[in-house]
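Chemist: Give me coordinates for this.
(one chain, ligands or ions: 2)
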Amino acid sequence: MNLIDPILQFQEELKLIRRSIHANPELAFEEQRTSDLVAGKLEEWGIPVIRGLGKTGVVGVITNGSSARSVGLRADMDALALQEKNSFPHRSVLDGRMHACGHDGHTAMLLGAAYYLSRHRNFDGTVYVIFQPAEEGAGGAKRMMDDGLFDRCPMEAVFGMHNWPGMPAGHMGAVVGPMMASSNEFELVIHGKGSHAAQPHKSIDPIMVAVQIAQSWQTIVSRNASPLDSAVLSVTQIHSGSATNIVPDSALMIGTVRTFTMPVLDMIETRMREIAEHTAAAFGARVEFGFKRNYPALINHAPETRFALDVMSDVVGHERVMADVEPTMGAEDFAFMLLDKPGCYVFIGNGDGGHRDHGHGLGPCNLHNPSYDFNDDLLPVGASYWSRLALEFLKRPPLR
Ligand SMILES: [Zn+2]
Ligand SMILES: [Zn+2]
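Modeler: Ligands and ions are numbered 1, 2, ... in the order given. You can find the predicted model right below:
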């Protein structure tokens, strides 16, 4: 590995910052303490700070020389509504709140780069370090953009990074094109007719209709989508009924749809509606179908991805870089930024969980698991990647 020395020397401080954030997790748009901590550190290091974009978002503006070149690096700060099962000293002090996705580590890695870049100023141009709120479902990236992120901070490209459990620690990877899926949710209400359960002939049973629709929907991915396109349609909740002797009046079905492309998403939404309406009609029932598009698919841009892979090779060594990392059907709101700006999102391996201090819970070290913990060994790796990415981006000729 070819890590940056001053960052290695700052590793212990970064670990303390990371663990302090881990112990004090905050949910979407409530990241006040984290936001204050980030802004405080940036100011301590002489970096001008913009606050208030996306409510709790923070941007540090690190400028040197006279070049108009610019690049954005983005981390996320929010935690999850989850009860932590770890009992090590830096476990969450708040019941029902936990940094189980490693955003504490993402924030610390980007702070490490900000510290190094502000101390050394060995570049010509502007580096924006973006700390966004509310990645976990509430679209903090979009809120920062709506509040003028890219107008106030004009940047040529923007880059993101997420830790990836299961990938060996310190390995990195990315892929050109779709890397994470669009995230969408649906809600179907089936209106039937309630009756005594011993007189089913007087009912229109919404449970039978729900079961038929749920099964037929499964043919959309297997029969309507091309076998070469990836898609997920999961019914995750079915609610109906109140007693053993009542055919209920209505039923509710909720779930998620994930796709990598808009045509597949459009097709799935259309087919879901058609199947629901026509199946309900066949039984004499009626439906209300709601479909909400949350995060778009995350599509990595080719020149920026090739560039990021190049920087990774330089930092962690060619043998630790996966240039064609397997995409995931998980979603990520950095996708909004990539709709507006060229850029690339990468994974950094978090290892298999062996890094966790004594006192971790029984579960695996997976994202969103109550026994998860970010691997502190990554702090100098991620901070070195961020720093070298910024230095190289501003040094090389524009990518486009
Ligand atoms: Zn997450
Ligand atoms: Zn995450």
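Chemist: which residues in the stretch 301-400 of the chain form helices?
Modeler: Using DSSP state H, counting those that start in this stretch, the helices of the stretch 301-400 of the chain run over residues 302-316, 334-340, 378-395.
Chemist: Deepest-packed of these, please.
Modeler: helix 378-395 (a mean of 24; mean count of other CB atoms under 10 Å). No exception for glycine: its C-beta is placed from N, CA and C like everyone else's.
Chemist: which strands and helices sit next to that one?
Modeler: Helices and strands touching helix 378-395, by 3 or more CB pairs under 8 Å, 6 or more residues apart in numbering; DSSP states H and E, are helix 5-9, helix 11-23, strand 70-76, helix 103-120, strand 125-132, strand 158-165, helix 302-316, strand 343-351.
Chemist: export these to JSON lines and tack on distance to Val93 and mean pLDDT?
Modeler: Below are those laid out as JSON lines (distance: least, CB to CB, whole Å; pLDDT from 0 to 100):
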{"stretch": "helix 5-9", "distance to Val93": "28", "mean pLDDT": "98"}
{"stretch": "helix 11-23", "distance to Val93": "5", "mean pLDDT": "98"}
{"stretch": "strand 70-76", "distance to Val93": "21", "mean pLDDT": "98"}
{"stretch": "helix 103-120", "distance to Val93": "13", "mean pLDDT": "98"}
{"stretch": "strand 125-132", "distance to Val93": "21", "mean pLDDT": "98"}
{"stretch": "strand 158-165", "distance to Val93": "22", "mean pLDDT": "98"}
{"stretch": "helix 302-316", "distance to Val93": "34", "mean pLDDT": "98"}
{"stretch": "strand 343-351", "distance to Val93": "23", "mean pLDDT": "98"}
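Chemist: closest to Leu394 out of those?
Modeler: strand 125-132 (4.1 Å; CB to CB).
Chemist: any residues touching that closest one, and which ones?
Modeler: Contact partners of strand 125-132, identified using CB atoms under 8 Å, 6 or more residues apart in numbering, comprise 35, 38, 42, 47, 54, 57-65, 67-77, 107, 110-111, 113-114, 117, 140-141, 144, 149, 153, 155, 158, 390, 394.
Chemist: Ok, stretch 274-283 next?
Modeler: By CB under 8 Å, 6+ apart, stretch 274-283 touches 188, 190, 192, 204-205, 208-209, 212-213, 216-217, 220, 286-287, 289.
Chemist: among those, which two are most distant?
Modeler: Longest span within the contacts of stretch 274-283, CB to CB: Ile204 and Ile220, 24.5 Å.
Chemist: Which helix in the protein has the most residues?
Modeler: In the chain, with assignment by DSSP state H, the single longest helix is helix 262-283.
Chemist: Following it in sequence, what is the next regular element?
Modeler: Using DSSP states H and E, the next helix or strand after helix 262-283 towards the C-terminus is strand 286-295.
Chemist: Could you check the angle that following strand makes with helix 262-283?
Modeler: 160 degrees (axes from the mean of the first three to the mean of the last three CA atoms, to 10 degrees).
Chemist: now strand 286-295: how far from the chain's centre is it?
Modeler: Strand 286-295 sits 22 Å away from the centroid of its parent chain (CA atoms, centre = their mean, to the nearest Å).
Chemist: Give me the sheet partners of it and which way each runs.
Modeler: Looking at strand 286-295 with DSSP bridges, its partner strands are strand 182-191 (antiparallel).
Chemist: Report the buried residues of the partner strand.
Modeler: Buried residues in strand 182-191, counted by 16 or more other CB atoms under 10 Å: 182-184, 186, 188-190.
Chemist: Redo those residues as a markdown table? Include distance to Val247 and pLDDT.
Modeler: Converted to a markdown table, these look like this (distance: CB to CB, whole Å; pLDDT from 0 to 100):
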| residue | distance to Val247 | pLDDT |
| --- | --- | --- |
| Ser182 | 37 | 97 |
| Ser183 | 35 | 97 |
| Asn184 | 31 | 98 |
| Phe186 | 24 | 98 |
| Leu188 | 18 | 98 |
| Val189 | 16 | 98 |
| Ile190 | 12 | 98 |
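Chemist: how about the nearest residue to Asp124, chain neighbours excluded?
Modeler: Nearest residue to Asp124, sequence neighbours excluded (CB to CB, 6 or more residues apart in numbering): Gly65, at 3.5 Å.
Chemist: again, but for Val129
Modeler: In space, Val129 is closest to Gly60, 4.3 Å off (CB to CB, 6+ apart).
Chemist: Tell me which helix or strand the one you found sits in.
Modeler: strand 58-64.
Chemist: who touches that strand?
Modeler: 35, 38-39, 42, 47-51, 53, 114, 117-118, 121-131, 149, 152-153.
Chemist: chain center to that strand: distance?
Modeler: Between the centre of strand 58-64 and the centre of its chain there are 23 Å (CA atoms, centre = their mean).
Chemist: For it, which strands pair with it and how are they oriented?
Modeler: Sheet pairing of strand 58-64 (DSSP bridges) gives strand 49-51 (antiparallel), strand 125-132 (antiparallel).
Chemist: And the contacts of the first one?
Modeler: Spelled out, it's strand 49-51. Counting by CB under 8 Å, 6+ apart, 35, 39, 42-43, 57-61, 152-153 sit against strand 49-51.
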